[in-house]
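K.L.:
quick one: sequence plus predicted model below, questions after.
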Amino acid sequence: MKKEQYNLVLIGFMGTGKTSAGKIIARKMKREFVDIDEKIEAAAGHSISKIFERKGEKCFRVLESNIIRKISKQNMLVISTGGGAVLNPLNIKRLKKNGIIIAFLSKVMIIFNRISAQKDKRPLLSAANRTQGLKKLRVLLNKRLPLYTASADYVFDTSNLTPAKTAKEVLSALKRK
Ligand code: S3P
């Protein structure tokens, strides 16, 4: 398969801009945008929070892997993955087969401020107070950072970038290749 047909796969922690920049990238490339979290919600018939609450994280991760297995069989998509998709090496192996992996990283406080505004989709960080939430975020982020960078073909720091600027940088990096 030609490289032009490869999927573009966005990985990275919650709040790094995968979905918002991904939509812009897809529009500019005239490609279909797929949000793995949305597919999980549609398949389960419940919101991410409800899945965590009722069935637990383990069950969510199984659903996530099943959707990734299916979606990764398609081509020419822009795929936004959930922040924990990198935890299962099989997910990355499948996505890499016909995909260019792009990691978004952001500074911890920037992530914290961005996701504090939208908690419904982030049950992992629904701690009772601000200090606890930040502590939890740091632990998760430190554990996952090496996984994001090791899995990626490209890495972008989106701390100071708007989604539009992020999309622009990704597209010009791909063009330079
Ligand atoms: C998760 C990130 C979320 C969602 C779920 C678990 C994680 O996706 O998949 O709440 O483990 O980091 P986003 O990264 O799109 O917020």
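P.N.:
Right, received. Where do you want to start?
K.L.:
helices of the chain, start to end?
P.N.:
In order along the chain, the chain carries the following helices (DSSP state H): 18-29, 36-44, 48-55, 57-71, 89-97, 108-116, 130-151, 163-176.
K.L.:
any buried residues in the longest one, and which?
P.N.:
Buried positions in helix 130-151, judged by neighbour count with 16 or more other Cβ atoms under 10 Å: 133-134, 137, 140-141, 144, 147-148, 151. In short, each C-beta sits where N, CA and C put it, glycine included.
K.L.:
now for it, which elements pack on it?
P.N.:
When contacts are defined as 3 or more Cβ pairs under 8 Å, 6 or more residues apart in numbering; DSSP states H and E, helix 130-151 packs onto strand 7-12, strand 99-105, helix 108-116.
K.L.:
what's the spacing between it and its chain's center?
P.N.:
Going by Cα atoms, centre = their mean, to the nearest Å, the spacing between the C-alpha centre of helix 130-151 and its chain's C-alpha centre is 14 Å.
K.L.:
ranking the helices and strands packed on helix 130-151 by burial, who's on top?
P.N.:
Per-stretch averages of neighbours, counted by mean count of other Cβ atoms under 10 Å, single out strand 7-12 among the helices and strands packed on helix 130-151, with a mean of 27.
K.L.:
any low-confidence regions in this structure?
P.N.:
Judged by pLDDT under 70, the chain has its weakly predicted residues at 119-121, 127-128.
K.L.:
try 80 this time
P.N.:
117-130, 177 (pLDDT under 80).
K.L.:
what residues does it have near the ligand?
P.N.:
Listed as neighbours of the ligand in the chain under the rule Cβ under 6 Å from any ligand atom: 14, 18-19, 37, 48, 82-84, 121-124.
K.L.:
could you dump these into TSV and include neighbour count?
P.N.:
What follows is these, written out as TSV (neighbours: other Cβ atoms under 10 Å):
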residue	neighbour count
Met14	22
Lys18	30
Thr19	20
Asp37	21
Ile48	21
Gly82	27
Gly83	24
Gly84	18
Lys121	17
Arg122	19
Pro123	16
Leu124	18
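K.L.:
closest to Met1 among the residues you listed?
P.N.:
For these, the residue nearest Met1 by Cβ to Cβ is Lys18; the value is 23.8 Å.
K.L.:
just give the closest residue to Ile25, not the sequence neighbours.
P.N.:
With sequence-adjacent residues excluded and distances taken as Cβ to Cβ, 6 or more residues apart in numbering, Ile25 is closest to Ala167, at 4.7 Å.
K.L.:
now do the one you found against Lys177, distance only.
P.N.:
As defined by Cβ to Cβ, to the nearest Å, Ala167 lies at a distance of 16 Å from Lys177.
K.L.:
looking at those two, which is more packed in?
P.N.:
Just comparing Ala167 and Lys177: by other Cβ atoms under 10 Å the higher neighbour count belongs to Ala167, 23 against 8.
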